[in-house]
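S.K.: predicted model and sequence follow; I will ask about them next.
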Amino acid sequence: MIQFITEIVRSLYMAVAMFWEILWALILGFFISGIVQAVVSKRQVAKVLGNDRPKTIVIACGLGAASSSCSYAAVAIARSLFRKGANFTAAIAFELASTNLVAELGIIIAVLLGWQFTLAEFAGAPLMVAILVVLFRIFLRPQMVEKAREQANKAIAGVMEGHAEMDMAVTEGPLITRMLSSKGRTAISHYFVMDWVAIWKDIAGGLLLAGAVAVFVPKTGWQAFFLTSYPKLTTIWSPFVGPVVSILSFVCSVGNVPLAAVLWNSGSSFGGVLAFIYADLIVLPILNIYRKYYGLKISGFLFATMYVSMALAALVIELVFKGLHLLPTGRHARIIEASFQWNYTTILNIGFLILALALIIRFFRSGVLRC
């Protein structure tokens with residue numbers, strides 16, 4: 001019993017220590033996201049996503065990258081765009097980019113896993129969207145889209161509709177002027193705070209799960225699961241089982257990066273880790289939201305096409321990186337070594353906590369609590 005309690009305390013310590021390790025990166029990422037959202041209006045986004053031409057899909061990815069990283073918010077925004085007239089394929093491309101091409105995700109991946117994974121994430125996400133678009137063009141029928149639109153127009157509530165409809169973007173004047181204006185600074189503070197409100201449960205859940213898995217699941221168990229004794233086989237196997245781990249873990253968006261680091265240290269292939277990170281949009285709670293938003297048939301269609309796209313993109317990126325000799329040479333994700341020290345991490349955390357405090361003060365002083 002004492003040993004079990006000790007392990008629980010150890011896993012909690014690791015979760016808190018990991019949070020301290022990535023805190024400055026989270027604040028920086030959400031700050032950048034807040035700036036971008038403050039100058040990009042959601043009302044204008046739907047107008048440019050009316051078809052599924054390659055140019056439109058590229059624009060959808062760019063606009064998605066400028067949006068929130070919260071998986072639930074991304075799904076809600078995609079439905080909102082679809083209801084306002086956006087093409088279904090373009091809306092889903094926007095959704096994928098919203099959780100796989102955002103700045104905060106790349107920063108956290110770089111801090112915990114290294115620059116190779118960040119490069120792979122930003123190279124693989126567009127490939128994943130491209131594969132999905134091809135699958136949509138082959139298998140998605142117009143009548144399926146019409147039924148999905150009928151269901152979407154019922155406006156059945158999910159969990160992030162308020163966040164999805166929030167639009168405080170300042171669109172008049174030069175970019176720098178918009179950012180530094182009173183309205184611009186207020187908008188940045190609101191997006192910053194609301195993004196934290198939207199995703200803190202995922203971050204907390206991901207850290208707690210990562211700490212527990214690192215302590216309680218032996219490395220040999222993961223090695224057996226990912227077939228690491230068979231190097232050639234694990235290259236193919238891991239990208240297809242990585243999403244399964246993500247689906248069952250229930251952790252979305254930025255919150256799944258700490259667990260991805262555990263999987264990497266424990267033996268998953270490079271592609272398996274990428275596929276795990278990509279799969280934040282097909283976890284069980286979100287699949288249920290798809291069912292509510294678009295109906296059971298489209299929910300199953302999205303699951304199948306996204307799963308294939310994520311696995312194939314991760315596999316291709318691993319093979320390309322292997323050919324270019326870009327795969328990491330060791331398995332030393334910082335999640336295991338996380339600890340409290342007086343170093344650059346602490347200094348950065350203090351600085352960015354001051355920035356976060358200033359944004360929070362601006363948020364409350366803007367009259368958000370007034371009736």
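M.R.: Now that the structure is in, tell me what you want to look at.
S.K.: in this protein, where's the longest helix?
M.R.: As far as residue count goes, and with DSSP state H defining each element, the longest helix of the chain is helix 2-39.
S.K.: tell me the buried residues in it?
M.R.: Along helix 2-39, the positions that meet the burial threshold by neighbour count (16 or more other CB atoms under 10 Å) are 11, 14-15, 17-39. Where C-beta positions appear, they are placed from N, C-alpha and C, glycine not excepted.
S.K.: counting neighbours, what do you get for K55?
M.R.: Around K55 there are 9 other residues, counting by other CB atoms under 10 Å.
S.K.: and it, what does it touch?
M.R.: For K55, no contacting residues are found, by CB atoms under 8 Å, 6 or more residues apart in numbering.
S.K.: show the pLDDT at it.
M.R.: Note on K55: pLDDT of 94.
S.K.: A260 too?
M.R.: Reading off the confidence values, A260 has pLDDT 88.
S.K.: one more: S253?
M.R.: The score at S253 is 69. That number is its pLDDT.
S.K.: go on, A187?
M.R.: For A187, the model assigns a pLDDT of 84.
S.K.: contacts only, for I5.
M.R.: Contacts for I5 were tallied using CB under 8 Å, 6+ apart; there are none.
S.K.: look up how far M18 lies from it.
M.R.: As for I5, its distance to M18 is 20 Å (criterion: CB to CB, to the nearest Å).
S.K.: repeat that for S98.
M.R.: Looking at S98 against M18, where the rule is CB to CB, the gap reads 24 Å.
S.K.: do the same with L28
M.R.: Distance of L28 to M18, computed by CB to CB: 17 Å.
S.K.: quick one: low-confidence parts of the stretch 251-371 of the chain?
M.R.: Segments of the stretch 251-371 of the chain classed as low confidence (criterion: pLDDT under 70) are 251-253, 333-340, 367-371.
S.K.: quick one: low-confidence ranges for the stretch 1-150 of the chain?
M.R.: 40-44, 46, 68-69.
S.K.: which residue ranges form the strands in this protein?
M.R.: Applying DSSP state E to the chain gives no strands.
S.K.: show me what contacts L319?
M.R.: Counted by CB under 8 Å, 6+ apart, L319 has contacts 235, 271.
S.K.: same thing with the one 3 residues further on?
M.R.: For K322, the contacting residues are F270, taking CB under 8 Å, 6+ apart as the criterion.
S.K.: same thing but at 10 Å, please
M.R.: When the contact criterion is CB atoms under 10 Å, 6 or more residues apart in numbering, the partners of K322 are 235, 269-271.
S.K.: try F270
M.R.: 113, 116-117, 120, 235, 238-239, 264, 314-315, 317-319, 321-322, 326-328.
S.K.: of these, which belong to helices?
M.R.: Judged by DSSP H, helices contain the following of those: 116-117, 120, 235, 238-239, 264, 314-315, 317-319, 321-322.
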